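Asks: A structural model of the following input is requested.
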Amino acid sequence: MFDESFFVALAFATVIGAFLYLKLPQRVLAALDAKSAEIADELDQARKLRAEAEALLADYEERRKNAEKQAEEIVTEARATAQRMADEARTAMQAQLERRTQQAESKIARAEEQLVGEVRTAITRLAVDAAAQLIETGMSEQQAVMLVDQNITELKDRLQ
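Replies: Numbering: from 1, shown residues only. Model (predicted):
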């Protein structure tokens, strides 16, 4: 009647009874519930960290876009400033060129006036010298006209 299967069944019933007496299933369930709650807390923290990381990433993306926009505005402004400065320099150079051209033209006009004055003075002297020579030598009128014509021709040759 008491063979080995009886003792195995009795040992099994004793072990199960001891597990129930010591409330081992409740402890295992409590430990599993605690571990499950801990894992759920870690998942919640991970979700919060992920949300923070996504928000931080979005913030940095926005900052990057703003920085790119500011850099583009700075480049555009620098180009406009450079173009404006080039236009101003071109205008100033053109005005200076016009002033110098006017100064040169003015100098040329004064030189022409001075030359015309000198030519008139030379012609006057020549005419006076010719008249004095005519008076001194007592030339005829035909010789005087010929001498004046010769002096005018010489004057033209000298001025060219």
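
Asks: now for this structure, the helix or strand with the poorest mean pLDDT.
Replies: Lowest mean confidence among the helices and strands of the chain (mean pLDDT, DSSP states H and E): helix 141-159, at a mean of 73.

Asks: buried sites along that one?
Replies: 144, 147, 151 (16 or more other Cβ atoms under 10 Å). (Each C-beta comes from the backbone N, C-alpha and C, glycine too.)

Asks: ok, of the residues you listed, which one's closest to Q26?
Replies: The nearest member of the buried residues of helix 141-159 to Q26, counting by Cβ to Cβ, is N151 at 148.6 Å.

Asks: what packs against the least confident helix or strand of the chain?
Replies: Applying 3 or more Cβ pairs under 8 Å, 6 or more residues apart in numbering; DSSP states H and E, we find helix 141-159 packed against helix 24-137.

Asks: which secondary structure elements does the helix it packs on sit against?
Replies: Using 3+ Cβ pairs under 8 Å, 6+ apart, helix 24-137 sits against helix 141-159.

Asks: and the least confident helix or strand of the chain, how far from the chain's centre?
Replies: 72 Å (Cα atoms, centre = their mean, to the nearest Å).
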